[in-house]
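# Build me a structure from this.
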Amino acid sequence: MRILLIDNRQLFRQGLKLLLADLAPGIDFIEASHCATALACASSSHMDLVLMDLHAAGGLDWEADFAMVRNAFRPSAVVVLPGDDDYRVIKRAFAAGAAGYLPMSSSPSVLVAALRLVLAGGIYLPPGVLLELPDGDAAPPPPARDPGGLSQRQLAVLLQAVQGKANKVIARELHMAEGTVKAHLSAAFRMLGVQNRTEAAMAAARLGISVQPAVLAPQPALH
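Down below sits the predicted model:
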């Protein structure tokens, strides 16, 4: 596994490598102190995961630098680490294409679990941060219906989808036709008032619906 660390603090990078030792055996870490240094690695090295500190951006417009890193290392997942506990920054990071966002308050165990989820194709959001918006920040529009209005199958499909699983995988694991998966997912999106899987994951986190892998396990007994 190859992981790119983009952070201008050498001591933090060294500590992070120690914390991630349990993520997988024999991780090859590539370090960059700035985005410009990281971009120089894009053409020569494939990364399984990119961890980026937004403060490592070369200019004031971190969104532009983040977008360049995201595009340069596709299809690698890019995770913001560590991030400010600010809903507005979190929302902008996901809009720029982040696959995960780890606040500074995250524990080592949460860090490892979140990165495993991202490596499995899922999206990690910090539910605690999303549930407590900073003063003066307008809360995002509420979903069209309470999540309790979702049927059991719609909820099961939604939880699989926000983990990043393809429709055909969801269909196989939940024992239903792929067309049925699409129908349930479309209905869930309408009820939550969202347009895509990333927005659905954010809505689920705001409403206290866990998107951790244990909850996303197949539930073939549903009817």
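# Buried residues in the top helix by length along the chain, which are they?
As assigned by DSSP state H, the longest helix anywhere in the chain is helix 178-192. The neighbour-count check on helix 178-192 (16 or more other C-beta atoms under 10 Å) flags 181, 184-185, 187-189, 191-192 as buried. The C-beta positions use only the backbone N, C-alpha and C, and glycine is treated the same way.
# do the same with stretch 49-66
Those would be 49-54, 56-57, 62, 65-66, for stretch 49-66 by 16+ other C-beta under 10 Å.
# again with stretch 10-20
Neighbour count says stretch 10-20 has 13, 16, 20 buried, by 16+ other C-beta under 10 Å.
# Return the closest of the residues you listed with respect to Leu117.
Of all these, Leu20 has the smallest distance to Leu117: 14.2 Å, by C-beta to C-beta.
# So for the closest one, what's the nearest residue that isn't a sequence neighbour?
Counting by C-beta to C-beta, 6 or more residues apart in numbering, Leu20 lies nearest to Ile27, which is 6.4 Å off, once chain neighbours are set aside.
# Can you give me the distance of that neighbour to Arg2?
Taking C-beta to C-beta, to the nearest Å as the measure, Ile27 falls 8 Å from Arg2.
# Find the least confident helix or strand in the protein, judged by mean pLDDT.
Ranked by mean pLDDT, DSSP states H and E, the weakest helix or strand in the chain is helix 127-131, scoring a mean of 53.
# which residues of the chain score low on pLDDT?
57-60, 83, 127-149, 204-223 (pLDDT under 70).
# could you redo the last one with a cut-off of 90?
Along the chain, segments meeting pLDDT under 90 span 1, 7-13, 16, 19, 21-26, 30, 32-47, 53-77, 81-170, 173-223.
# What strands flank the strand of greatest length in the chain, and is each parallel or antiparallel?
Taking DSSP state E as the criterion, the chain has its longest strand at strand 77-83. Take DSSP bridges as the rule and strand 77-83 pairs in its sheet with strand 49-52 (parallel), strand 100-103 (parallel).
# got the contact list for the last one?
Spelled out, it's strand 100-103. 77, 79-85, 90, 93-94, 110-111, 114-115, 117-118, 123-126, 129 (C-beta atoms under 8 Å, 6 or more residues apart in numbering).
# now swap in stretch 2-22 and tell me
Residues contacting stretch 2-22 (C-beta under 8 Å, 6+ apart): 27-35, 37-38, 41, 45-53, 55-56, 69, 73, 76, 81, 108, 111-112, 115.
# repeat for stretch 52-69
6-9, 12, 32-36, 38-39, 50, 78-84, 89, 92-93, 96-98.
# do the same with stretch 78-93
Contacts for stretch 78-93 (C-beta under 8 Å, 6+ apart): 16, 49-54, 63, 66, 69-70, 97-106, 111, 114-115, 118, 124-126, 129-130, 133-134, 137, 140, 202.
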